[in-house]
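# Need coordinates for the following:
(chains A, B and C)
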Amino acid sequence: MKATKTNPGNFFEDYKVGQILTHATPRTVTEGDAALYMSLYGPRFAVQSSDTFAKAIGYPRAPIDDLLMFHVVFGKTVPDISLNAIANLGYAEGRVMKAVYPGDTLSTVSEVIGLKENSNRETGTVYVRSTGRNQHGDIVLQYCRWVMVRKRDKNAPVAEAVVPKLKDRVDPSELGAALPAIKSAAYNYDLAGAPHRWGDYEVGEKIDHVDGMTLEEAEHQMATRLYQNTAKVHFNQHTEAKGRFGRRIVYGGVCISLARALSFNGMNNAFHVAAINGGRHVSPLFAGDTVYAWTEVLEKSEIPGRTDVGALRTRLVAVKNQDCSTFPYKNDKGEYAEGVMLDLDIWVVLPR
Amino acid sequence: MKATKTNPGNFFEDYKVGQILTHATPRTVTEGDAALYMSLYGPRFAVQSSDTFAKAIGYPRAPIDDLLMFHVVFGKTVPDISLNAIANLGYAEGRVMKAVYPGDTLSTVSEVIGLKENSNRETGTVYVRSTGRNQHGDIVLQYCRWVMVRKRDKNAPVAEAVVPKLKDRVDPSELGAALPAIKSAAYNYDLAGAPHRWGDYEVGEKIDHVDGMTLEEAEHQMATRLYQNTAKVHFNQHTEAKGRFGRRIVYGGVCISLARALSFNGMNNAFHVAAINGGRHVSPLFAGDTVYAWTEVLEKSEIPGRTDVGALRTRLVAVKNQDCSTFPYKNDKGEYAEGVMLDLDIWVVLPR
Amino acid sequence: MKATKTNPGNFFEDYKVGQILTHATPRTVTEGDAALYMSLYGPRFAVQSSDTFAKAIGYPRAPIDDLLMFHVVFGKTVPDISLNAIANLGYAEGRVMKAVYPGDTLSTVSEVIGLKENSNRETGTVYVRSTGRNQHGDIVLQYCRWVMVRKRDKNAPVAEAVVPKLKDRVDPSELGAALPAIKSAAYNYDLAGAPHRWGDYEVGEKIDHVDGMTLEEAEHQMATRLYQNTAKVHFNQHTEAKGRFGRRIVYGGVCISLARALSFNGMNNAFHVAAINGGRHVSPLFAGDTVYAWTEVLEKSEIPGRTDVGALRTRLVAVKNQDCSTFPYKNDKGEYAEGVMLDLDIWVVLPR
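Here you go, the predicted model:
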């Protein structure tokens, strides 16, 4: 018997700074995936929904949703990075660098860019930079992520800590890579659902996205399998029943995609997520919970060299089982308010 | 803060007769949508299931299911017409006017054709004619619908009532528009599942479709999001728990599609829904309910100028949690029997 | 009223040895079906997931999963073979004979190859050989199956018993038909997820596939409808609540596909299911159950005339609600251990 033919996942002491991990299972993304993505979250941005709308403004056809692409690229890293992870601690320097279309094949490679053992010696933080590429080798997405990973052996020696210096935010000059030149005159605001352009938003503006969406077990399982994300906690009620929460924990990306889809109501023309500056899964989402979301505009920037589009840096907050009319976020002590699940800092792009 | 960036929906006093509403989010329909439609309802009509069958009889390829097309066209109207609706009161003059294929992009425009305030002055009925078009501007579907909508302000003045005169039924001369000339000799009845042609059905004939289908929350939510239908009552358990029924109300179109799919058993060759003469959602469908259906043939008509196909006007009735061997419909007082959910009057087309 | 327009299904006395049944509803398989298959089970075999991987090794593009093809071909037989079946007793001589690609249209014909009344005269066993073909008439799949079917009338006379002699296993010379010549040098083991080739497995080797997957009602219903499998027990909670188990019974094929998807962890390069030698659904799977799986290598064989790939005959066992670290199978008396659901004997193909 060779029990080792199955993947036990990596433990903290298995990683080395500079190590390159080639993740398994390249994935051709299709119109079928796009339909499932729509069915699972209900996004309504015109560019991703309509070939004719997308063509009119300069795309060759409707692109794959930026977050669907993100989830597919991310999913591949799970068996090598987070199978023994305790917590997904953060994201930084996430950049969508090329549009993805049905028929493109995505694969992912990660580099270990930092390692820091925790003082209890039982766990440590692993920092990776993951790069998604299409079938031509073009980079479509790059992002950093750090996770807390168990050690196999508490006493295993580890190298000196390396903590990478990551940028607070992606620079606006890096935001246009995945965008064709947008033919602004052909952008139909009636068909897009609202008249608000980049110039209509102000720093400090908060938008309650109003609607709520209740999540079912079948929905998040179908979504997470679609991304070939194999993390056990999302799928195995037999073991999770005995776990910390007594039930399956929803893949954090499902919360991101639901919040993004809800954000259409108020951000109708923010058709492209160009960057993920940072993000934190504050508390878990479970089946049966209802997801609400709100946005705050943190920063407003031109994209150097472009007059067709502008960027908004926004905080997208997802909250469970309460509406967002009061913009729930943090309390006086700086702690997250009850019900807050997601605190995501992104750059979105709108026509000018 | 600009709370007005989110769509609060229209109220009764916001509508004017003659007003044109261009609905948001054009939608390219794909093979992915067709697969999801099959997965969610289980239709088995050979024409929509098989490119080879469809080509043999004269289509360029398998068309998109008529009702999938209906739901997509309908879904676009929700944010502008029925976000503040209390009830979906009826349909009339629904005509499928052109076949839709994967790759076609659908968009919808509605005209307000009638308005009538209710005597309580708190609500009123809004009548619209909605028109779905493909990317070439060809009309693929047109139908009238009336809904009861709340007033924002009970005391708001409203214009004099206008109630449109709608036809009892679509005229048989209007039924063939979406159909190519059918090569009857190539229509394989073995592959279609039964030998019964148009001529084999009689007015007054009732058919119990026998099978029952239990609906899950994830299923109706996935279906309704696929159509980008945003009506809150279908998705938000957090608010619906405090609502009239204590739970999410299933989009009426899900009941229509389930009944239509069940109707294959007994109406195997009724491959095209050409018209919706009228329809009423008698009572709501909820997750956990089992849907049964039966059909009564109301009228039998040739389609002027065509010898390849004929039309049957049928009443398609959906019933919950009881089989249809006794054809449950109305009691002696003319009230709908318990369990009846849908009373739909349609024209279907069969080979002659 | 013509109640006979609906399909009552066949009863034991309706079958005759040599009878040919042409099953309804040819089905074009698309990228949408492939996406749903991934979403419902989470397979990660690189060949079926990636056009670029598949092309590199010799396929024209990523083929449809062998089991998705099996389920579609099988689904068509249900209305004619197993609508009145009490039990699906076994499979034999299952051979995948041609790769299927998105756009291919599948249809199925069955021949009755055996009939044997049971001594109680109330039921009998029907043996069929079912053949799936693509739009060119090429055979893509052939398999034998036997089911226990009710008699309509206990006293109906039946012909003398004919029990077909079926092979214990498909001969290795018949395993390569659906495979192009594999360019082994282009097979990327990093992208496939593990380095283990055909030569790395040994007869007697057992592999615990480790992961578990909990099944939801919406998931198995969506899967089973996707295959247009109409067996009532999978869909109708209203009647099943009064049935033997009090709930819907999951289509056995769902258990097969879940076990196969789980088997990726340990059998990463077994990218093709070439044959089903035999199979038994030992006990039913229900929504809420968690599926685990393990494999035993029963036989190892070259495929005559081929140096690119080799075959492993494996027993794939699916177990519910317990992990497979102890390889649960049969007890000392030769009875299946509690929790065993599936005992499947297949040939899988790996690169050499």
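# From now on I want contacts and neighbour counts done on CA atoms only, so please keep to that.
Noted.
# buried ones in stretch A:113-122?
A:113, A:114, A:115, A:116, A:117, A:121, A:122 (16 or more other Cα atoms under 10 Å in any protein chain shown).
# Report how many residues lie close to residue A:275.
Residue A:275 has 29 neighbouring residues, counting by other Cα atoms under 10 Å in any protein chain shown.
# next one: residue A:277
Here the count is done by other Cα under 10 Å, and residue A:277 has 25 residues near it.
# and what of residue A:242?
10.
# what does residue A:159 give?
12.
# mind checking which helix or strand it is in?
In this assignment (DSSP states H and E), residue A:159 forms part of neither any helix nor any strand.
# State the distance from it to residue A:82.
20 Å (Cα to Cα, to the nearest Å).
# And residue A:76, by the same measure?
10 Å.
# for residue A:130, same thing?
According to Cα to Cα, residue A:130 stands 13 Å off from residue A:82.
# Looking at those two, which one has more neighbours?
A direct count of neighbours by other Cα under 10 Å for residue A:130 and residue A:82 places residue A:130 higher, at 26 against 23.
# need the residues of the stretch 151-300 of chain A near chain C, please.
Within the stretch 151-300 of chain A, the positions adjacent to chain C are A:217-218, A:221-228, A:232, A:235-238 by Cα under 8 Å from any Cα of the partner chain.
# next SSE after the helix or strand hosting residue A:40?
Using DSSP H and E, residue A:40 falls within helix A:31-41. Downstream of helix A:31-41, the next assigned helix or strand under DSSP H and E is helix A:46-49.
# Does that following helix reach chain C?
No: against chain C, helix A:46-49 shows no contacts by Cα under 8 Å from any Cα, the least distance being 16.0 Å.
# Put the alpha carbons of the helix or strand that that helix is followed by into CSV.
Later in the chain than helix A:46-49, the nearest helix or strand by DSSP H and E is helix A:51-57. Output of helix A:51-57 as CSV, limited to C-alpha atoms (Å, rounded to 0.1, in the frame of the first residue of the first chain):
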residue,chain,number,x,y,z
ASP,A,51,-21.8,40.3,-26.2
THR,A,52,-23.5,43.2,-28.0
PHE,A,53,-22.9,45.6,-25.2
ALA,A,54,-19.3,44.5,-24.7
LYS,A,55,-18.6,44.7,-28.5
ALA,A,56,-20.1,48.2,-28.8
ILE,A,57,-17.7,49.6,-26.2
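# so of the residues of the stretch 151-300 of chain A next to chain C, which ones are in helices?
A:217, A:218, A:221, A:222, A:223, A:224, A:225, A:226, A:237, A:238 (DSSP state H).
# Can you pick out the most distant pair from the residues you listed?
A:226 and A:238 (21.4 Å; Cα to Cα).
# distance of residue A:347 from residue A:91?
In terms of Cα to Cα, residue A:347 sits 14 Å off from residue A:91.
# quick one: common contacting residues for these two?
Counting by Cα atoms under 8 Å, 6 or more residues apart in numbering or on different chains, the contacts common to residue A:347 and residue A:91 are A:276, A:277.
# Could you list every helix and strand that the least confident helix or strand in chain A by mean pLDDT packs against?
For chain A, counting by mean pLDDT, DSSP states H and E, strand A:85-96 ranks last in confidence among helices and strands (a mean of 92). For strand A:85-96, the elements it packs on are strand A:139-150, strand A:272-281, judged by 3 or more Cα pairs under 8 Å, 6 or more residues apart in numbering or on different chains; DSSP states H and E.
# try it again with 10 Å
Here strand A:85-96 touches helix A:66-81, strand A:123-133, strand A:139-150, strand A:272-281, strand A:340-351, going by 3 or more Cα pairs under 10 Å, 6 or more residues apart in numbering or on different chains; DSSP states H and E.
# Domain-wise, how is chain A divided?
Domain assignment of chain A by automatic domain parsing yields the ranges A:1-29+A:64-166, A:169-177+A:194-352.
# ok so, going back, after the least confident helix or strand of chain A comes which helix or strand?
By DSSP H and E, the next helix or strand past strand A:85-96 is strand A:105-117.
# so what's residue A:50 up against?
By Cα atoms under 10 Å, 6 or more residues apart in numbering or on different chains, residue A:50 lies in contact with A:44, A:56, A:61-63, B:25-29, B:103-107, B:135.
# Please apply the same query to residue A:262.
By Cα under 10 Å, 6+ apart, the neighbours of residue A:262 are A:41-44, A:208-213, A:256, A:268, A:291-294, A:318.
# near chain B, which of the residues you listed show up?
A:41-44, A:208-213, A:268, A:291-292 (Cα under 10 Å from any Cα of the partner chain).
# Give me the nearest residue to residue A:216, chain neighbours excluded.
With Cα to Cα, 6 or more residues apart in numbering or on different chains as the criterion, residue A:216 has its nearest non-adjacent residue at 4.8 Å, and that residue is residue A:287.
# which residues does the one you found contact?
Neighbouring residues of residue A:287 by Cα under 10 Å, 6+ apart: A:214, A:215, A:216, A:217, A:218, A:219, A:220, A:221, A:247, A:248, A:249, A:250.
# try residue A:263
Here residue A:263 is in contact with A:43-45, A:207-211, A:257, A:270, A:292-295, A:316-317, B:6 (Cα under 10 Å, 6+ apart).
# what about residue A:235, how many neighbours?
Residues lying near residue A:235 (other Cα under 10 Å) number 28.
# can you narrow the residues of the stretch 151-300 of chain A next to chain C to ones near chain B?
Filtering those for proximity to chain B by Cα under 10 Å from any Cα leaves A:217, A:218.
# Minimum pLDDT in the residues of the stretch 151-300 of chain A next to chain C, which residue is that?
In terms of pLDDT, residue A:232 ranks lowest among these, with 90.
# Give me the pLDDT value at the closest residue to residue A:45 other than its chain neighbours.
Spatial nearest neighbour of residue A:45, excluding adjacent residues (Cα to Cα, 6+ apart): residue A:271 at 5.9 Å. For residue A:271, the model assigns a pLDDT of 98.
# circling back: what's the farthest-apart pair in the contacts of residue A:287?
A:214 and A:247 (16.5 Å).
# just to revisit the earlier point, give me every residue that touches the residue nearest to residue A:45.
Residues near residue A:271 by Cα under 10 Å, 6+ apart: A:44-48, A:65-66, A:192, A:264, A:348-351.
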